[in-house]
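Enquirer: let me see the structure of the following:
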Amino acid sequence: MFALTTRSPRAAVRRLAFSRLISLTGTGAAMIALPYEVYRATGSTLWLSAAMLATFGAAGLSAPFGGALGDRFDRRRVLIVADVLGGVMFAVLALVHRPAWMIVVVFVAEVVASPTFPAVEAAVPNLAGADDLSWANGTIGFGRNVGLVVGPAMGGALAASLGAGFVFWLNAASFLLSAVLVWSVRGRFSEDTTEHAEHQGLRAGFVFVARDRILRTVTVAWMVLLLGVGTVIVAELPLSRAFGVGGTGYGLLAASWGLGAVIGSLAGKRLRREWERSGLFLGTVGPALGFGLVAFLPWFAPVLASVAFAGATDGVSTVAFQNMAQRRTPDAVRSRVMAAMDAAVTTALALSFVGAGALVGAVGPRGAYAVAGISCLLGGAILLPVLVRERRSEPATEEIDAGVAAA
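Expert: Presented below is the predicted three-dimensional model:
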């Protein structure tokens, strides 16, 4: 029977994972419906780029503020409030029809949702304990990525048949249901909400990342990688139209990444600590191969499989990174550290949309995937030397395991 509330550590993680699944199913559907509606109304990849820029730009700009809320207040309450406000904003979006106003509303929606990612990432070690990090991160990643599979496929089909407004109402409801699920978890989300002298203000997360060699290098590598990957997001709809598969194919193309990431998250649940650095590096070379193949594959089904492979390697890599980052970061600043890294990489992704529309128009959707593959390789080239050096010097450079709460 589904208990109204739960205190068991594993049950708490499963409940949080289910909340992410519900919320991200709705959000994944909405993030397909939004560009679909904008592109339908304007027929312009430049407008499509503007919608993506507003979405990811808002997330990048507001992440430090959201991270600060996750360190200053109880993260459970922060998550509930963010979900409720997100539901309100998508209800408003359902009532708006002009592309310009839709972009404004989704910008605000991303701002109010900004505390969610860093609060979840920071809460996991407290809910699960040090010995269950891979299992917990893989379980939450599974919920997140299932949402990213179901949501886009559903969003493309529903937007084409029932309209984007219906999808936005559906997402509003998913936010509210997620808030109820988070409310039902009675586990420990935060260790200490007082501000420590060594971790003060919004900049504390950025300072911590800048001083930590692994976190700093991962951030730079991912920024380089995402400067190219943004072109893929803009190229998905033109690519699906080039194959003649329409809105449903567009949803399946976006969902294929999530399907692969589901598999990767499940594999990550069993990731051993000694393989975490290799798993992190896999998240650069795997997408490089997957995106690169799309530039040459002649049929749509192999394209979906190639993108799914890229997503699978990213799923493993995400668990590896979360494990490493959570161990290296004290609870008092963990939400701001996660937010600082998210702000940096999301801003890089947002910047990629500035020229993505023009790039896709110039080189075509297949060429855009080739560009993304090259950027992934460049990110791997930045990351590999530091991971190798860190492995060799591991006995002399201890991670901050004290930052992870005991079970």
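
Enquirer: following the helix or strand where residue 256 lies, which helix or strand comes up?
Expert: Per DSSP states H and E, residue 256 falls inside helix 246-268. Going down the chain from helix 246-268, the next helix or strand is helix 276-294, by DSSP H and E.

Enquirer: just to revisit the earlier point, list the buried residues of the helix holding residue 256.
Expert: Residues 247, 249-268 are the ones in helix 246-268 that count as buried (16 or more other Cβ atoms under 10 Å). For every residue, glycine as well, the C-beta is placed using N, CA and C.

Enquirer: any regions of the protein where pLDDT drops low?
Expert: Along the chain, the parts satisfying pLDDT under 70 run over 1-7, 41, 43, 45, 56-57, 59-60, 130, 192-201, 247, 390-407.

Enquirer: ranges for the helices of it?
Expert: For the chain, the helices defined by DSSP state H cover 9-42, 45-72, 75-94, 99-112, 116-128, 133-161, 164-183, 204-211, 213-242, 246-268, 276-294, 300-328, 331-392.

Enquirer: among those, which comes closest to residue 190?
Expert: Closest approach to residue 190 among the helices of the chain (Cβ to Cβ): helix 75-94, 5.0 Å.

Enquirer: who touches that closest one?
Expert: 19, 23, 26, 30, 34, 66, 69-70, 102, 105-106, 108-109, 112-116, 119-120, 122-123, 165-166, 168-169, 171-176, 178-179, 182-183, 185, 189-190, 335 (Cβ atoms under 8 Å, 6 or more residues apart in numbering).

Enquirer: go again with 7 Å.
Expert: For helix 75-94, the external contacting residues (Cβ atoms under 7 Å, 6 or more residues apart in numbering) are 23, 30, 69-70, 102, 105-106, 108-109, 112-113, 115-116, 119-120, 122-123, 165, 168-169, 171-172, 175-176, 178-179, 182-183, 185, 189-190, 335.

Enquirer: can you check stretch 293-309 too?
Expert: 243, 245, 249, 252-253, 256-257, 259-260, 286, 290, 366-367, 369-370.

Enquirer: buried residues, it. List them.
Expert: 293-295, 300, 303-309.

Enquirer: mind checking the end-to-end distance for that stretch?
Expert: End-to-end span of stretch 293-309 (Cα to Cα, to the nearest Å): 11 Å.

Enquirer: cool, and stretch 324-337?
Expert: 13 Å.

Enquirer: farthest pair within the buried residues of stretch 293-309?
Expert: Greatest spatial distance among the buried residues of stretch 293-309 (Cβ to Cβ): 295 and 308, at 16.3 Å.

Enquirer: on that earlier part again, and among the helices of the chain, the most buried is which?
Expert: Comparing these by mean neighbour count (mean count of other Cβ atoms under 10 Å), helix 116-128 ranks first with a mean of 26.

Enquirer: chain center to that one, what's the gap?
Expert: 14 Å (Cα atoms, centre = their mean, to the nearest Å).

Enquirer: how about stretch 148-158?
Expert: Distance, centroid of stretch 148-158 to centroid of chain: 16 Å (Cα atoms, centre = their mean).

Enquirer: now what about that stretch, what contacts it?
Expert: 24-30, 32-33, 36, 166-167, 247-248, 250-252, 254-255, 258-259, 261-262.

Enquirer: do the same with stretch 269-280
Expert: 134-135, 138-139, 316-317, 319-321, 323-324, 387, 390-391.

Enquirer: next, the distance between the ends of that stretch.
Expert: Stretch 269-280 has its terminal residues 14 Å apart, counting by Cα to Cα.

Enquirer: repeat for stretch 268-275
Expert: Start to finish, the residues bounding stretch 268-275 are 10 Å apart (Cα to Cα).

Enquirer: got the buried residues for it?
Expert: 268-269, 271.

Enquirer: send me stretch 160-177 as PDB with only the CA atoms.
Expert: The C-alpha coordinates for stretch 160-177 follow below in PDB (Å, rounded to 0.1, in the frame of the first residue of the first chain):
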ATOM      1  CA  ALA A 160       0.000  18.000 -32.700                       C
ATOM      2  CA  SER A 161      -3.400  16.500 -31.800                       C
ATOM      3  CA  LEU A 162      -4.800  18.600 -28.900                       C
ATOM      4  CA  GLY A 163      -2.700  21.700 -29.000                       C
ATOM      5  CA  ALA A 164       0.100  23.100 -26.900                       C
ATOM      6  CA  GLY A 165      -2.200  24.700 -24.400                       C
ATOM      7  CA  PHE A 166      -3.400  21.200 -23.300                       C
ATOM      8  CA  VAL A 167       0.200  20.100 -22.700                       C
ATOM      9  CA  PHE A 168       0.900  23.200 -20.600                       C
ATOM     10  CA  TRP A 169      -2.200  22.500 -18.400                       C
ATOM     11  CA  LEU A 170      -0.900  18.900 -18.000                       C
ATOM     12  CA  ASN A 171       2.500  20.200 -16.900                       C
ATOM     13  CA  ALA A 172       0.900  22.500 -14.400                       C
ATOM     14  CA  ALA A 173      -0.900  19.500 -12.800                       C
ATOM     15  CA  SER A 174       2.400  17.500 -12.800                       C
ATOM     16  CA  PHE A 175       4.100  20.200 -10.800                       C
ATOM     17  CA  LEU A 176       1.300  20.200  -8.200                       C
ATOM     18  CA  LEU A 177       1.400  16.400  -7.900                       C
END
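
Enquirer: sweet, I'm off.
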